[in-house]
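**Q** sequence first, predicted model second:
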Amino acid sequence: MHPQVSIVMPVRNAASTLEGAMASVVGQTFSDWEAVVVDDGSSDATPELLQAWAKRERRVRLLRPDPRPGLVGALNVGLAAARAPLIARMDADDVMHPERLARQVARLAAEPALGLVSCGVAFGGDRAAQAGYAAHVDWLNTVVTPEQIRRERFVEAPLAHPSVMFRRELVSQHGGYREGPWPEDYELWLRWLDAGVPMAKVPEVLLTWRDSPERASRVDARYDVKAFFAVKAQYIAAELARSGAGRAVWIAGAGRPTRRRAVLLEEHSVEIAGYVDIDPRKIGGRVAGCPVVGPAELPSADEAVVLSYVANRGARAKVRAMLTAQRREEGRDFWLCA
């Protein structure tokens, strides 16, 4: 008889944190699970530790593909081997809180329309030394409802990857993880959201998300800022084709970083009509041949959609307030993209 939840966990050289991660899996109050652990070519003590766990805990299934598949390959190996209708993600350097699986299974059972459920996460690092990541976690925990997740999807990845549980059928319907020069989890969320998959979070903190120096998001080019803006450009373009069709595309912010981010849209056949800025030194000028106007000069919502790439601290709230005051509806007439 198959379990109700398959926990898919790729592992590589995680000997220093693996014991805590596995203990948190085994310590779940929900017991109908299997852990599909994919060893991605570890060269430290990880294989021996995993073998010991598999020997004493029958619900742990250890896979060691040869040759080494890499992270995306390991994730897809795990998905292919999973036997349960629900997939929970977990990483070998994080810690599940005891009620995590129980709360997420209950939420998916109570709301059949939901395709994916995440949860609140605790920042497992030094807040002073890693202030940027800590701020990201704080923001993540404010993005909870399906409406918020969809609204904020172009700002940043709205879900912590090891915190999610989703219905396995989504993989066959919309595809699994894809190899490419992008963060594999963010690309997956964007693709599934683009397909209309509803996602939500259990608002309680049910996972401690460690921020170690070896974390892939710190050492792999697929997770740098350029990669995030490049991958979301494709899905912003798809949203514009649906919701903004027939209207001109204007960009909020005329600074150099904003222009670099916005120009990625042109690779997906999005034509930029102009820029809007509050700096009087920029208003009246031109950027790449496009006019720069003040907020009062923006065409109406019937004529234009606005994308904001302004990323300065506090700017997101100011841009949202400005565009909302002009009676533009977020998610139809404007999107925050940074």
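**A** Thanks, I have the structure now. Residues are numbered from 1 along each chain as shown.

**Q** quick one: the strands in the chain?
**A** Ranges of strands within the chain are 5-11, 33-39, 60-63, 86-89, 95-96, 116-124, 165-167, 199-210, 248-252, 272-276, 286-287, 290-293, 304-308, 334-336, based on DSSP state E.

**Q** now the helices for the stretch 101-250 of the chain?
**A** 131-140, 146-152, 169-174, 184-194, 216-219, 225-243 (DSSP state H, counting those that start in this stretch).

**Q** would JSON lines of those with mean pLDDT be doable?
**A** Written out in JSON lines, the entries for the helices of the stretch 101-250 of the chain read as follows (pLDDT from 0 to 100):
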{"stretch": "helix 131-140", "mean pLDDT": "92"}
{"stretch": "helix 146-152", "mean pLDDT": "98"}
{"stretch": "helix 169-174", "mean pLDDT": "98"}
{"stretch": "helix 184-194", "mean pLDDT": "98"}
{"stretch": "helix 216-219", "mean pLDDT": "56"}
{"stretch": "helix 225-243", "mean pLDDT": "96"}
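
**Q** relative to Leu86, which of the ones you listed is closest?
**A** Put simply, out of those the one that sits nearest Leu86 is helix 169-174, at 9.9 Å, with distance taken as Cβ to Cβ. Placement of C-beta: from N, CA and C, glycine included.

**Q** for that closest one, list every residue counted as buried.
**A** Taking 16 or more other Cβ atoms under 10 Å as the neighbour-count basis, helix 169-174 is seen to contain the buried residues 170-171, 174.

**Q** format the strands of the chain as JSON lines; extra columns: distance to Val263 and mean pLDDT.
**A** Conversion of the strands of the chain to JSON lines gives the following (distance: least, Cβ to Cβ, whole Å; pLDDT from 0 to 100):
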{"stretch": "strand 5-11", "distance to Val263": "34", "mean pLDDT": "98"}
{"stretch": "strand 33-39", "distance to Val263": "38", "mean pLDDT": "98"}
{"stretch": "strand 60-63", "distance to Val263": "42", "mean pLDDT": "98"}
{"stretch": "strand 86-89", "distance to Val263": "33", "mean pLDDT": "99"}
{"stretch": "strand 95-96", "distance to Val263": "41", "mean pLDDT": "98"}
{"stretch": "strand 116-124", "distance to Val263": "32", "mean pLDDT": "97"}
{"stretch": "strand 165-167", "distance to Val263": "33", "mean pLDDT": "99"}
{"stretch": "strand 199-210", "distance to Val263": "29", "mean pLDDT": "97"}
{"stretch": "strand 248-252", "distance to Val263": "10", "mean pLDDT": "98"}
{"stretch": "strand 272-276", "distance to Val263": "8", "mean pLDDT": "98"}
{"stretch": "strand 286-287", "distance to Val263": "10", "mean pLDDT": "94"}
{"stretch": "strand 290-293", "distance to Val263": "11", "mean pLDDT": "98"}
{"stretch": "strand 304-308", "distance to Val263": "12", "mean pLDDT": "98"}
{"stretch": "strand 334-336", "distance to Val263": "17", "mean pLDDT": "98"}
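
**Q** reformat these as TSV; add mean neighbour count and distance to Pro146.
**A** Written out in TSV, the entries for those read as follows (neighbours: other Cβ atoms under 10 Å; distance: least, Cβ to Cβ, whole Å):
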stretch	mean neighbour count	distance to Pro146
strand 5-11	26	21
strand 33-39	24	25
strand 60-63	18	32
strand 86-89	24	18
strand 95-96	24	23
strand 116-124	22	10
strand 165-167	22	13
strand 199-210	20	5
strand 248-252	22	25
strand 272-276	21	30
strand 286-287	16	36
strand 290-293	18	35
strand 304-308	24	22
strand 334-336	24	17
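
**Q** a markdown table for those strands, including distance to Gly27?
**A** Conversion of the strands of the chain to a markdown table gives the following (distance: least, Cβ to Cβ, whole Å):
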| stretch | distance to Gly27 |
| --- | --- |
| strand 5-11 | 13 |
| strand 33-39 | 12 |
| strand 60-63 | 13 |
| strand 86-89 | 14 |
| strand 95-96 | 8 |
| strand 116-124 | 16 |
| strand 165-167 | 17 |
| strand 199-210 | 13 |
| strand 248-252 | 47 |
| strand 272-276 | 52 |
| strand 286-287 | 55 |
| strand 290-293 | 57 |
| strand 304-308 | 43 |
| strand 334-336 | 39 |
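
**Q** of all those strands, which one is nearest Val143?
**A** Closest among the strands of the chain, once you apply Cβ to Cβ, is strand 199-210, at 7.5 Å.

**Q** picking up where we left off before, any chance of the helices of the stretch 101-250 of the chain in TSV, with distance to Met1 too?
**A** As requested, those are exported to TSV (distance: least, Cβ to Cβ, whole Å):
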stretch	distance to Met1
helix 131-140	36
helix 146-152	32
helix 169-174	19
helix 184-194	29
helix 216-219	35
helix 225-243	39
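
**Q** pick the most buried one from those helices.
**A** For the helices of the stretch 101-250 of the chain, the largest average neighbour count (mean count of other Cβ atoms under 10 Å) is found in helix 184-194, namely a mean of 21.

**Q** which outside residues touch that one?
**A** Counting by Cβ atoms under 8 Å, 6 or more residues apart in numbering, helix 184-194 makes contact with 71-72, 75, 115-116, 149-150, 153, 157-159, 161, 170, 174-178, 180, 199, 222, 228, 231-232, 234-235, 238-239, all of which sit outside it.
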